[in-house]
Each structure stands twice: as structure tokens, then as C-alpha cells.
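got a predicted model here, sequence first, then my questions.
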Amino acid sequence: MSVIGTGYLGATHAACLAELGFEVVGVDHDHRKVARLNEGAAPFAEPGLDDLLARHVGTGRLRFTTEVADAAMSADVHFLCVGTPQSALGRSADLGAVFAAARDLARHLTRDCVVVGKSTVPVGTAERVARELERFAPPGVETVLAWNPEFLREGHAVLDTLHPDRLVLGVDTPDAELVLRGVYADAIARGVPVHVTDLATAELAKVAANAFLATKISFINAMADISDRSGADVVALADILGDDSRIGRRFLDAGVGFGGGCLPKDLRALSARAEELGAAQVSGLLREVDEINLRARSKVVDLALELCGGDLGARRVAVLGAAFKPLSDDVRDSPALDVALQVHRRGAEVRVFDPEAALNARSVAPELTYVASLEHALRGADLVLHLTEWPEFLETDPRWAAGLVARPVIIDGRNKLDLDGWTRAGWTIQAIGRPRRRDAARPFTAGGALASS
Ligand code: UDX
């Protein structure tokens with residue numbers, strides 16, 4: 001089998017196929033990445049992936065190359081796993097790499113094969129990929145296209161690939177279904193639900209799932225807004241909603257909103273695709289979900305301003321977290337980094353601490369100051385922003401932290417800190433969509449702003 005594109009999805013998929021017992025060749029243009037993978041090392045941090053790569057590169061079952069011709073000759077099932085980033089000019093997905101990979105593969109084919117699309121694409125792409133394969137494959141070589149989206153989460157990529165919640169097999173021939181059933185025989189034997197469907201539904205399943213998750217988060221953030229304006233508590237509300245088995249508690253954590261390499265871009269791409277398809281209202285709904293999400297970030301900045309008496313100039317702000325979520329070093333479209341930058345642009349002296357993501361954060365936001373410890377970030381801070389819920393932040397002793405800062409004032413942008421504990425330790429704590437808690441002994445100006453000392 002071959003896996004074309006060794007980004008997050010492809011590298012994980014290739015390693016997991018090898019784990020399932022298949023001979024796998026991974027293809028990527030990037031020489032350095034290929035060299036690294038051939039040493040058994042993942043090009044990004046992902047629990048368990050290095051182990052799998054090292055083991056299967058070691059046995060020779062898994063190898064990586066920059067030559068698509070090698071893959072075309074040695075495999076009869078090819079997984080297309082190349083990236084589909086947001087296009088530079090708008091909200092739609094840039095499909096350049098998908099079509100280039102399909103054409104490149106087709107040109108080098110020497111035997112009939114099944115091509116399986118796994119990249120996240122706008123509905124309708126598979127049809128175009130099938131045409132490209134047909135057009136560029138040598139005469140007499142037949143290609144069958146299937147679509148088989150992946151729902152893996154960063155930080156759980158190996159687990160999600162080997163133990164998926166469901167399998168989606170987008171096929172239009174029984175042969176393609178048979179091949180995919182063979183690939184996933186282990187999971188199917190364990191009773192993982194299998195959805196055999198057409199190519200368009202399979203393509204849409206992936207973006208619809210991500211758009212739904214995004215909508216759930218923006219919905220609870222919208223309720224956080226209502227809670228802020230009405231004195232309700234959004235965490236209690238989420239618990240109540242979540243106990244309804246039709247709704248479920250997951251993805252109802254209000255706060256600074258969603259980020260990462262998938263949810264924001266997939267939401268925008270689906271909105272753009274809806275518009276192309278003439279579904280303006282659907283496009284508008286998804287655009288609103290995106291805007292509510294971005295508003296969740298600026299809301300934290302507004303709160304920071306308010307807590308600093310309307311001016312962040314020369315205030316020292318400790319930012320806890322840069323990654324888009326904990327246990328990840330990924331800062332793509334990270335709400336934490338976005339808020340840190342907004343606060344910095346308003347004149348604050350920002351110090352960011354993230355246990356894993358500082359290196360990546362520095363490369364996209366070099367204007368911020370990154371420090372090597374939580375203690376360093378907190379020392380002398382006028383305001384603390386908790387923006388990525390790393391376990392070490394949740395386990396921090398608020399009394400210890402209070403002893404380091406200039407003013408014990410914190411915004412919990414993730415609604416994960418223990419409000420009672422932090423208040424008892426002398427902190428003023430503002431969580432999102434929850435009434436502000438403060439130590440009665442602390443001086444505040446009218447309107448809740450912190451008095452300047
Ligand atoms: C997501 C999907 O979950 C996965 O199925 C898909 O294949 C890729 O996109 P991932 O990007 O790894 O996975 O992140 P996820 O764990 O879903 O979190 C997305 C963002 O939502 C994070 O920024 C997270 O902090 C935020 N989030 C999540 C909330 O703000 N509130 C919640 O309740 C849950």
C-alpha cells in the first residue's frame with residue numbers, strides 16, 4: 001500500500017497500516033521529512049507515533065520515499081493524504097496538492113489500482129479527482145476511486161486511527177468496498193460501525209462532523225455571552241444540557257473558543273462550498289459560527305482591558321498557554337496565541353509560557369516574549385490569562401501563584417480552574433460566562449476594574 005502525503009494524517013495512517021500488518025510506502029516531496037521518517041521519527045509530537053514508526057521502519061514493513069513512481073509501482077492501494085489548507089485568497093480549501101498528487105500518481109501507474117481519498121475536501125472533489133486519474137493514467141491502466149475520511153484528533157491520532165468510532169467507506173463499486181473492508185478487517189471484526197455510502201456523502205461526512213463540533217462550541221460560547229449578560233452560569237448550564245443524552249456534555253466547554261489545523265479551516269471551507277452550491281443561508285449559519293468563535297477571543301481581550309482599568313499599556317500580562325489545545329505543540333489558528341498577540345498590540349508586556357508549544361509559537365509570533373517556566377511568567381504580573389488548559393496549570397497551587405504576581409487577577413479562558421480555590425487564595429477570577437469571583441479584601445475601583453497601585 002502507499003500513503004501519499006506524510007503530514008499529520010498521512011504519517012499516522014502509514015504507521016497504523018504497518019501496525020495492522022501491511023507493507024507500506026509513504027511518499028512526500030519534503031526530503032527532510034522523508035529522511036526523518038526513515039529514521040523512525042515523527043516530524044511532529046504525537047503520543048505513540050514515534051514508537052510505531054521506529055518499530056515498523058525497523059522491520060522493513062514501512063519505508064518512506066520522495067519518488068511517487070516507487071509507490072505507483074509497488075502498491076495497488078494508494079491513500080491520498082495530502083493537505084488541504086485554507087486558500088490564501090479566501091475561505092475555501094486549496095485543493096492544489098490533492099489534484100497534483102492525483103495527477104502525479106496517475107502518470108506513474110503501471111498497474112490497476114484503488115485510490116482512496118482521505119484528505120479533507122469540499123463535497124464534489126472526489127468526482128474531479130476521479131476524472132484526473134482517468135485522464136492521466138496510462139492507457140490500459142484502470143483506477144477506482146474511493147473516499148474514506150479520517151476523524152483523528154491531535155494528541156490521540158494513533159488511538160483514533162486504530163480504534164475509530166466509525167468507518168466511512170465512500171465507494172461506487174463493490175470491489176472498492178471489498179478492498180477497504182480488507183484494510184479495516186481488524187476494526188470491523190471488533191464491531192466498529194461501518195457506513196458504506198457514496199463518495200459525496202463520505203466527503204461531506206468529514207467536514208460536517210467538524211462543522212458540527214465547531215457549532216457546538218460556538219453555541220455554548222453564545223450561551224456564555226447570554227450568561228454574562230444575565231448573571232447565569234454557563235458551566236452549570238452546560239452540565240444541565242449535557243445530561244440530555246440527545247445533546248451530550250462533550251464539546252460544551254465555553255471559553256476562548258476553538259482553533260487548530262482543522263475545525264476553523266473546515267468550517268470556512270464548508271461555508272464557502274455552501275455558497276458555491278447556492279445554499280446562502282447555510283453558508284451564513286457557518287459564517288456566524290466562525291464569527292462567534294473569533295468573538296470569544298476578543299471578549300477575553302475586552303475583559304483584560306476592563307480588569308486593567310481600560311488600558312493595557314505597560315501592564316505585565318502572563319499568558320498561560322500558546323497551543324490550540326493542551327497536550328499539543330500545535331499553534332495553528334490558536335486562540336491562546338491570538339489573544340496574546342491582541343493584548344501585546346494594545347501595549348501590554350506579555351510573557352507567554354507553554355510547556356510544549358513555545359518553539360512553534362515563536363516562529364509564528366516572534367514579537368511575543370516566551371519564558372521557560374510558569375513561575376517566570378507569573379512573576380510580577382498585573383493580570384494572568386489562562387488560555388490553554390495544560391494539566392500543570394490546573395494543578396497550580398493558587399496560593400503559590402498569588403505570592404508571585406503583582407496583582408492576583410486571573411481570567412480563566414477555559415473554564416477549568418477551581419473558582420473557589422482561587423478565590424480563597426486571594427484571587428479575583430473571571431471565568432467565561434460565569435459571575436466574577438473576588439476576594440472581598442482586594443481593592444477595586446467602581447465597575448470592577450482593578451485599582452492601580
Ligand atoms: C478536530 C476533530 O475533533 C477531529 O475529529 C478532526 O479529525 C480534526 O479536528 P483537533 O483539531 O485535534 O480535532 O481538536 P479537538 O480536540 O477537536 O479540539 C478543537 C478545538 O476546540 C480546540 O481548540 C479545543 O480547545 C476547542 N474546544 C473543544 C473548545 O473550545 N471547547 C470544547 O468543549 C471542546
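Sure, I can see it. Numbers count the residues shown, from 1 in each chain.

and Arg437, bridged to which residues?
Beta-bridge pairing for Arg437 (DSSP bridges): Ile429.

isn't it right up against Ile429?
Yes: assessed by C-beta atoms under 8 Å, Arg437 is found in contact with Ile429 at 5.0 Å. Every residue, glycine included, has its C-beta placed from N, CA and C.

overlap in contacts, these two.
Leu419, Trp422, Thr423 (C-beta atoms under 8 Å, 6 or more residues apart in numbering).

ok, back up a step: which one's more surrounded, Arg437 and Ile429?
Set side by side, Arg437 and Ile429 show more neighbours around Ile429, with 25 against 16, by other C-beta atoms under 10 Å.

how about the more buried one, what does it touch?
Ile429 neighbours (C-beta under 8 Å, 6+ apart): Val409, Ile410, Ile411, Asp412, Leu417, Leu419, Trp422, Thr423, Arg436, Arg437, Arg438.

ok, and what's touching stretch 248-256?
213, 216-217, 220-221, 223-224, 234-235, 238-239, 241-243, 296-297, 300, 335-336, 339, 387, 412-416, 432-433.

count the neighbours of Met73 for me.
Neighbour tally, Met73, other C-beta under 10 Å: 14.

I should have written His156 there, sorry.
His156 has 14 nearby residues by other C-beta under 10 Å.

repeat that for Leu162.
Leu162 has 17 neighbours, counted by other C-beta under 10 Å.

if I look at it, what pLDDT would I see?
On the pLDDT scale, Leu162 is placed at 97.

do the same with Gly447
pLDDT, Gly447: 42.

ok, now the one 3 residues further on?
According to the predicted model, the pLDDT of Leu450 comes to 53.

show me where pLDDT drops low in the stretch 301-450 of the chain?
Scanning the stretch 301-450 of the chain with the threshold set as pLDDT under 70 gives 439-450.

closest residue of it to the ligand?
Lys325 (3.9 Å; C-beta to the nearest ligand atom).

residues touching that residue, list them.
For Lys325, the contacting residues are Glu154, Gly155, Gly259, Gly260, Thr388, by C-beta under 8 Å, 6+ apart.

so which two of those are the farthest from each other?
For those, the farthest-apart pair by C-beta to C-beta is Gly155 and Gly259; their separation is 13.7 Å.

who has more neighbours, these two?
Gly259 (23 against 18).

what about that one, distance to Arg332?
Here the distance between Gly259 and Arg332 works out to 7 Å (C-beta to C-beta, to the nearest Å).

which residues do the two both contact?
Phe324.

could you list which of the contacts of stretch 248-256 also contact the ligand?
Among the contacts of stretch 248-256, the ones lying near the ligand by C-beta under 6 Å from any ligand atom are Leu213, Ile217.

can you tell me which of the contacts of stretch 248-256 are buried?
213, 216-217, 220-221, 223-224, 234-235, 238, 241-242, 296-297, 300, 335-336, 339, 387, 412-416, 432-433 (16 or more other C-beta atoms under 10 Å).

in strands, which of those residues fall?
Judged by DSSP state E, the buried ones among the contacts of stretch 248-256 include Asp412 as members of strands.

which of the buried ones among the contacts of stretch 248-256 fall in helices?
Counting by DSSP state H, the part of these found in helices is 213, 216-217, 220-221, 223-224, 234-235, 238, 241-242, 296-297, 300, 335-336, 339.

Gly413 against Leu385, yeah?
Yes: under the criterion of C-beta under 8 Å, Gly413 makes contact with Leu385 at 6.1 Å.

could you check which residue of the stretch 1-150 of the chain lies nearest the ligand?
For the stretch 1-150 of the chain, C-beta to the nearest ligand atom, closest residue to the ligand: Glu150, 6.3 Å.

residues near Ala18, how many?
Around Ala18 there are 24 residues (other C-beta under 10 Å).

confidence score at it?
Reported pLDDT for Ala18: 98.

contact partners for it?
Ala18 touches Val24, Leu52, His56, Arg61, Leu62, counting by C-beta under 8 Å, 6+ apart.

list the residues that contact the second one.
In other words, Leu52. Ala15, Cys16, Ala18, Glu19, Val158.

among those, give me the pair with the biggest separation.
Within the contacts of Leu52, Ala18 and Val158 form the most distant pair, 11.7 Å apart (C-beta to C-beta).

ok, now which ones touch Leu417?
Contacts of Leu417 (C-beta under 8 Å, 6+ apart): His386, Phe393, Leu394, Ile410, Ile429, Ala431.
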